[in-house]
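J.: Structure, please.
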Amino acid sequence: MSEWLINTACFLGALVGMEWVAWATHRYVMHGPLWVLHRSHHEPRHGAFELNDLFAVIFAGMAIGLFALGSAMDQPWMFWTAAGITAYGALYALVHDGLVHQRWPFRYTPRKGYFKRLVQAHRMHHAVKGKEDGVSFGFLLPGDVRRFSAELRQRRVERAGSDPRP
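T.: The predicted structure is shown next:
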C-alpha cells in the first residue's frame with residue numbers, strides 16, 4: 001500500500017475517531033473524576049477562559065507529543081495521526097466554542113439542519129445542572145435531539161415522582 005494512502009487513512013481515522021474519544025472522555029472523565037475541571041464549563045464564565053479549557057491543552061499536548069515522536073522515529077503515520085487529532089481540535093474550537101457557546105467574535109444562530117441540531121443537542125447537555133444525568137456528550141455529531149428531549153423529560157418526571165400528563 002502506498003505511503004500516501006496509509007497517511008490519509010491515519011489522518012481521517014484520527015479525525016473521525018476523535019469524536020468517539022471526545023465522547024468517552026466527556027462522558028466518563030469530564031463528568032467523572034475530572035469534574036473538578038469540567039464544572040467550570042457548566043457554570044457562568046467569568047473572563048475569556050475557564051478551567052475546562054485545560055482539556056484543550058491536554059489534547060494538544062498529546063498531539064504535539066505524537067508529532068514529535070513521529071518525527072524522531074521517522075514514522076509519517078504518527079505525524080498524520082497527530083494532524084487528524086489537531087484537525088478535530090480545530091473543528092471543535094470553531095464549532096463548539098465558536099458556534100455553540102459563542103466564545104468567538106462572530107455570532108451565528110443556525111435556523112435549520114446539522115448546525116441547529118448540534119446547538120440544540122449541546123443545550124440539552126447543559127440543561128442538567130451537575131455532573132449526573134447528562135445527555136448528549138458528543139461534540140461534532142449531535143445525536144437524536146428528540147431522544148435527548150425525551151430522556152430529560154423522563155428524568156424530570158422521575159425526580160418529581162409524578163406523571164407529566166395533565
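J.: how close does the spatially most central residue of the chain sit to Phe79?
T.: Note on the chain: the residue nearest the mean C-alpha position is Phe139, at 3.2 Å, using C-alpha atoms, centre = their mean. Noted for Phe139: a distance of 24 Å to Phe79, by C-beta to C-beta, to the nearest Å. Yep, even glycine has a C-beta here, placed from its N, CA and C like the rest.
J.: for Phe11, same thing?
T.: Taking C-beta to C-beta, one finds Phe11 at 9 Å from Phe79.
J.: now swap in Arg159 and tell me
T.: 49 Å.
J.: doesn't Tyr92 make contact with Ala60?
T.: No - judged on C-beta atoms under 8 Å, Ala60 makes no contact with Tyr92 at a distance of 10.9 Å.
J.: So which of those two has more stuff around it?
T.: A direct count of neighbours by other C-beta atoms under 10 Å for Ala60 and Tyr92 places Tyr92 higher, at 19 against 13.
J.: packing partners for the longest helix along the chain?
T.: As assigned by DSSP state H, the longest helix anywhere in the chain is helix 3-25. If contacts are counted by 3 or more C-beta pairs under 8 Å, 6 or more residues apart in numbering; DSSP states H and E, helix 3-25 sits against helix 76-92.
J.: Give me the residues contacting the helix it packs on.
T.: 3, 6-8, 10-15, 17-19, 22, 56, 59-60, 62-64, 66-67, 69-71, 139-140 (C-beta atoms under 8 Å, 6 or more residues apart in numbering).
J.: Specify the angle between that helix and helix 3-25 in degrees.
T.: With axes from the mean of the first three to the mean of the last three C-alpha atoms, to 10 degrees as the basis, helix 76-92 and helix 3-25 are set at 50 degrees to each other.
J.: pLDDT below threshold where in this structure?
T.: 1, 162-166 (pLDDT under 70).
J.: Tell me which residues touch Arg103, please.
T.: Counted by C-beta under 8 Å, 6+ apart, Arg103 has contacts Ala48, Asp97.
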